[in-house]
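Peer 1: Need a 3D model of the sequence below.
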Amino acid sequence: MHTFVVKVPSDRPFIEKNLGSIIYAYLFPPGIPNLDFGAVTPKADHIIANVAGRRATVEDMFDFLSLPIVRKHLPPISRDSLEVFRGKFPGKPARGATGDRYLVVGDATGWMRPFKGKGINMAIHTGIQAAETIVERGINAASFRHYEERTRKLREDYLYGSWMRHLCKMGEVTGMLGTVVSMAKVNQDVHDALFSAVSGHGSFREMFNRYARPRVLAGVVRNYVTDRRRRRG
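Peer 2: Reported below is the predicted structural model:
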């Protein structure tokens with residue numbers, strides 16, 4: 001995934017009035033097909049805006065900053081005054097994360113959560129697991145296979161996270177994602193599912209097992225059909 005980050009100078013009164021302590025995240029920002037997500041994050045004396053996507057470009061970043069839904073959270077800015085930082089992060093689990101006398105930790109493993117990432121959490125968790133494995137088992141290839149086993153749940157959740165990404169993409173294209181967000185205001189199960197998906201408190205696998213029940217799914221479809229009829233009428 002290609003990622004672009006800009007630091008927007010601001011002052012505390014503006015930040016408190018327009019953002020508060022809320023991070024604003026945008027899945028598949030409208031009109032920018034190359035982006036999977038964008039975010040606006042308040043800091044002490046500035047605002048961080050970042051975007052990411054497999055085919056994202058710096059122009060996509062500027063298009064994101066120009067969106068009305070994003071502009072209302074930013075002070076007046078000049079494109080020429082912004083310094084854009086470019087980076088990358090893996091989009092799927094890496095091959096060869098362990099071997100004879102080496103192992104990989106953190107972002108380099110590619111074991112991050114789709115949408116959420118949680119790179120800092122990943123670095124801490126895998127670092128601890130790697131250190132304990134080395135102390136308890138040694139540094140050969142057989143020992144490091146134990147490290148892979150201890151972190152197996154991180155890799156297993158990638159499949160479920162990928163399903164969630166595709167479902168959200170399909171929901172954005174069809175308009176069903178808006179129905180789900182509206183339902184979250186009155187339906188506790190839908191609210192909890194969305195919160196879990198974004199917050200990272202639980203795994204995607206747990207979320208599917210807990211919330212992807214026929215009753216919930218039927219409610220989404222029923223409300224989506226009602227929304228479509230209402231818009232046509």
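
Peer 1: any idea where the helices of the protein begin and end?
Peer 2: Counting by DSSP state H, one finds helices in the chain at the ranges 12-18, 58-66, 68-71, 119-137, 141-150, 152-174, 176-183, 188-199, 204-211, 214-232.

Peer 1: any chance of these in TSV, plus distance to residue 81, mean neighbour count and mean pLDDT?
Peer 2: Every residue, glycine included, has its C-beta placed from N, CA and C. Shown next, in TSV, are these (distance: least, CB to CB, whole Å; neighbours: other CB atoms under 10 Å; pLDDT from 0 to 100):
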stretch	distance to residue 81	mean neighbour count	mean pLDDT
helix 12-18	16	12	91
helix 58-66	12	18	95
helix 68-71	16	13	94
helix 119-137	28	15	88
helix 141-150	46	16	87
helix 152-174	32	16	78
helix 176-183	34	18	83
helix 188-199	31	16	78
helix 204-211	39	16	78
helix 214-232	41	12	81
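
Peer 1: Out of those helices, the one nearest residue 32 is which?
Peer 2: Closest approach to residue 32 among the helices of the chain (CB to CB): helix 58-66, 5.1 Å.

Peer 1: Now tell me what touches the closest one from outside.
Peer 2: The contact list for helix 58-66, computed with CB atoms under 8 Å, 6 or more residues apart in numbering, reads 4, 6, 26, 29, 31-32, 34-35, 38, 49, 51, 53, 70-71, 74, 77, 79, 84, 86.

Peer 1: I'd like to know how far residue 126 sits from residue 226.
Peer 2: 45 Å (CB to CB, to the nearest Å).

Peer 1: just to revisit the earlier point, output the helices of the chain in TSV; the columns should cover distance to residue 102.
Peer 2: Converted to TSV, those look like this (distance: least, CB to CB, whole Å):
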stretch	distance to residue 102
helix 12-18	43
helix 58-66	35
helix 68-71	42
helix 119-137	10
helix 141-150	8
helix 152-174	18
helix 176-183	42
helix 188-199	33
helix 204-211	29
helix 214-232	44
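
Peer 1: out of the ones you listed, which comes closest to residue 101?
Peer 2: In terms of CB to CB, the element of the helices of the chain nearest to residue 101 is helix 141-150, at 7.9 Å.

Peer 1: can you give me the angle that closest one makes with helix 152-174?
Peer 2: 50 degrees (axes from the mean of the first three to the mean of the last three CA atoms, to 10 degrees).

Peer 1: Verify the contact between residue 119 and residue 90 for me.
Peer 2: No - using CB atoms under 8 Å as the test, residue 119 is too far from residue 90 to be in contact (10.2 Å).

Peer 1: between the two, what contacts are shared?
Peer 2: Common contact partners of residue 119 and residue 90 (CB under 8 Å, 6+ apart): 107, 112.

Peer 1: Quick check: residue 74 vs residue 45, distance?
Peer 2: Residue 74 sits 14 Å away from residue 45, going by CB to CB.

Peer 1: So which of the two has more stuff around it?
Peer 2: A direct count of neighbours by other CB atoms under 10 Å for residue 74 and residue 45 places residue 74 higher, at 17 against 10.
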